[in-house]
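> make a model of this:
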Amino acid sequence: MDFTPKAYYSFAVYDDTNKIIPNQFVQPMCKLDCDCGDNTKSEFYDVPCTLILNSDYNGDNQNLYLTYYASIVGTGLNKKRIIYGNLMVEPKGFGPDSSDSQFTNKVCSLGGLDNFWRSAINLDIQNQGSQRSFMSISQACPIRDCHFKDLILCFGPGVVKQNDFGCCREKSGGDPLAEFASGGFISHCSFDALDLCSQQQFMAQSCTFPKDKQIQGGAWNIVYYDCTNPPPPQKYQKKPPLPSNTIISSADIPIPTSNITKPPLLYFDNDQYFIQIQPNSGLPLKHRLNEMAIAQPQTKPVNMLVGTAGDSLDQFFQEYKNYSTIILPCGVYYITKSIEINADLIGIGMTIIRFLDNATITYTKPNGVISSLLFDNFGTNTSLLEIKSDHVSVFDLFFRNGGPNDIAVITDTMLRITGKNVYLNNLWIWRADHGINGTYLLDSVDCPAKTGLIVDTEADNCTALGLAVEHFDNINVIWKGNNGKCAFFQNEFPYFVKEFSYPAMDIQNNFTGYGMGSYSFFRDYSVVVSEAFRVDPSKKIALTNIFTVWLNGNKGSKINNVIGGPGVQSGNTSEYSTKGTPQFVYTYVSDGKTPSPTSRPSPTSRPSPTSGPSPTSRPSPTSRPSPTSRPSPTSRPSPTSGPSPPTENPKVYSFWWLWLILLILSFVAFGVIVGFYMKNKSQKLIIIGGIACIIFFTVFMVMFIISLLDSRH
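Alright, predicted model coming up:
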C-alpha cells in the first residue's frame, strides 16, 4: 500500500527507520489561529491526514494532537502501539462573545461542541509522571481499541494563557472553555483513571473501567454496553451531579449472529500490511495488502482493491466491480452518478466520499462491511446510501448535508435500510446547522434535507449501537422494521422552523430502546412539538431512560411530551422553565394489545421552505446558542420528571359484568338478611348477612384495584 502524501490526502508512517511526525500531530492548530484548538476554518478544511504507527512512539511526554480529519492508527495485531506522551483533542477558545477582539469570530462555540471527524485506533497511551491526556470530543470521533493510563474526556474549566503556540488552555480555574461537548463514542478501550466531564450524552461499548477508582463527572445520560466495572445504574440528579447511567449487555441488545462485531483492523507484520475482519463467530479473516490490488487471505481467495484518493469512484467501481473488498485510504473521493457496490467498503483514517447530483450508492453485498467513511453531499440527491442486503455491518459511518456548502439537497433520506439484520455501530447523520466561519444554515432554505434515516418495513432485526441524527426538516428517524433495537440515540430538532409537527423518531413497529434523548433550540419562534418519540401502542415497545431537554431559544417554545402517540402522553414538558434540565421517562412499556391507531401524520407532508426565515435573514455567528445552556457538572438542574399517568386503558373494564354481579350480590345478601331479621328478630342472621356483604364487597374492590394497577404496567 502506498502511504506517500498526495494532493488529496496525507499519510505518514512512523517506524524504526522513519521518525518524522507531521506538523498537525505535534502542534495544536492554535499556533496559526490562536484559538486553543480547532476553528471553523479547519472544521471544513477537508484534507485528511492519517498517522500510521508501525512501532512505538517515544514522544518524551510530548503531546500528539488529533485535529480535524486527523487519525492515528496503531498497526499492532496482538500488542497496541505505545505512545509515551499524551493524546490531545483541544477545545475551542474564546467565542464571538469575547471582549478580546483578537478572538472575535474565531470559533463557532466554546468547548468541544463542534469537535468532529477524527479518530484514534489501537493505541496504548502511557502518560508520564502527572501528565494526563485531554480529549474534548463530540460526534464522529471514534476512539477504539485504546488503553489510557490517565484520561480526561471533555476537560473542566480553564483559562486562556499565552504559551509557545500563541494561546492555550491552562488546566485549572478561570473561564469554562472546555466543559461543553455534544456526545461521544468509545469502544473496546481500557482506562487506569478516567474523568468524564460535561457531555450531553456518551456511549461506551465493551470498555474496561478501573475497579478501584470511581469515574468522575458525568452527563445527562451515559450508556454502558457490555462494559467491565461500569458504575452502578442510577437516575439523573442535580446535587451531587450524577448522570443517568444506562447499564446494558449483549443479552439486552445482541449483535446479529452472522455480522461482524468490530471494524476491520489494519496491522503490520513482517514488512506487510494486513486487514483483519472479525466475524461474530469463528476465526478472523486476514487479508494481505500490497501497493495496489492484491488479495491473499488465509481462508479463501478474495480479490481486494486499493483505491487512490481523487478517483471518481463510480468509474473506479465499475472497472473493478468483481473485487470483493475495496480499501479507501484517507482522502477525498467523488461519485458523479448512482452506482451499485457488492464489496466490503473500508476506509483507513477519515476517508471522505463526496456525492454530486443524482449520485447514490446501493449496497448489495450480503454479510458485507462498511467502515470509516464520511459521506458528504454536494448535490441534489434522493438519498446517499441504500443498504439492500442482509447481515451488513456498518462502523463509524458519518453523513453530512451542508457545512462546507449550502447547495446540498436531500429530497428523501440520507440513509435507507431495507436489508434484514443490519448492524449499525457509531453513526452520525447530520444536516449541518452551521457552515464556514460559524454562519447558521437555515432549515428548509440552506441545504434542505427531509429525513436522516429510514429503517424500512422489510428491514427486520436492525440493531443500532450509537446513533445520532440531527436537524432534519421532517421526521429525523422513521423506524418501520420489526424487532428494531437501539442503544444510545442523540437528536436535536431544527433551529429556525416557524412550526414543527414531527417527532424526532417515529417508532412504527416492535422496538426496544435504551438511553435516547432529543433536544430543542427553536431560536426565533414559539414552536410547540407534541412529542420527541412517537410510538404505536398497538406494537410491543420497551423504552428505558428516554428524555428531552430544552436547551435554549424562544421562551414560548416547548416539547410537550417525551413519548407520545395515539392515546399515549408520557413525560413532563421541556420548556423555558426547565432550561438545561432533562425531562426523563425512565420506563415505558407497550404490550401491543391496544387497538391500532386509525391515522398517522404522513412524513411526506414536509413543511414548505417558505415557512422559515428568508436567506437574507441569515443570523451572524454571534447568535449561536451559548454553551451555558448546557449544564456544567456542578450546576446541573434537578430533574422534576417522571412518567405522567397513562391514559385510561380499555382492559380496566373488560370484566365489568363480573364486578356488577359481585356488587349486586352484596346488596341482595344484605337485603335478604335484613328481611329475615325483621321477621324473626334473629341477631345471628344479621351478623351472618353483614359478613357476607363485607366479603362480596371486598372481593369486588380487590379485583377493581388489581385491574387498575395492571393497566398502568
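
> list the buried residues of stretch 265-284.
Buried residues in stretch 265-284, counting neighbours by 16 or more other C-beta atoms under 10 Å, are found at 265-268, 273-275, 277, 279-280. Quick note: C-beta positions are derived from backbone N, CA and C, even for glycine.

> ok, the nearest residue to Pro263 once chain neighbours are set aside to Asp192 distance?
Setting aside the residues directly before and after it, Pro263 is nearest to Phe395 in space (C-beta to C-beta, 6 or more residues apart in numbering), at 3.9 Å. The spacing between Phe395 and Asp192, counted by C-beta to C-beta, to the nearest Å, is 26 Å.

> quick check: domain ranges of this structure?
For the chain, automatic domain parsing gives the domain ranges 10-248, 287-366, 370-536+597-628, 650-711.

> minimum pLDDT in the buried residues of stretch 265-284, which residue is that?
Here the lowest pLDDT out of these sits on Asn280, with 71.

> give the contact list for it.
Applying C-beta atoms under 8 Å, 6 or more residues apart in numbering, we find Asn280 in contact with 255-261.

> by mean pLDDT, show me the worst of the domains of the chain.
The minimum mean pLDDT among the domains of the chain belongs to domain 650-711 (a mean of 64).

> top of the contacts of Asn280 by neighbour count?
Ile260 (26 neighbours; other C-beta atoms under 10 Å).

> so who does the nearest residue to that one once chain neighbours are set aside touch?
In space, and not counting its chain neighbours, Ile260 is closest to Ser393: 3.9 Å by C-beta to C-beta, 6+ apart. Each residue near Ser393 by C-beta under 8 Å, 6+ apart is listed here: 259-261, 368-370, 422-423, 425.

> what do you get if the cut-off is 6 Å, keeping everything else the same?
Contact analysis of Ser393 by C-beta atoms under 6 Å, 6 or more residues apart in numbering lists 259-260, 369, 423.

> also Thr261?
Thr261 makes contacts with 255, 278, 280, as judged by C-beta under 6 Å, 6+ apart.

> can you rerun that using 8 Å?
Taking C-beta under 8 Å, 6+ apart as the test, what Thr261 contacts is 255, 278-280, 393.

> burial measure for Thr228, as a count.
For Thr228, the tally of surrounding residues (other C-beta under 10 Å) stands at 11.

> actually Met701, not the one I typed
Neighbour tally, Met701, other C-beta under 10 Å: 12.

> regarding it, what is its secondary structure?
Under the three-state scheme (DSSP: H, G, I helix; E, B strand; the rest coil), Met701 adopts helix.

> against Leu665, how distant is it?
In this view, Met701 and Leu665 are 14 Å apart by C-beta to C-beta.

> shared neighbours of the two, anything?
Common neighbours of Met701 and Leu665 (C-beta under 8 Å, 6+ apart) do not exist.

> show me where this structure has helices.
Remark: helices assigned in the chain by DSSP state H are 23-26, 30-33, 40-43, 313-319, 656-680, 683-711.

> ok, back up a step: would you turn the contacts of Ser393 into JSON lines with distance to Gly403?
What follows is the contacts of Ser393, written out as JSON lines (distance: C-beta to C-beta, whole Å):
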{"residue": "Asn259", "distance to Gly403": "31"}
{"residue": "Ile260", "distance to Gly403": "29"}
{"residue": "Val369", "distance to Gly403": "26"}
{"residue": "Tyr423", "distance to Gly403": "27"}
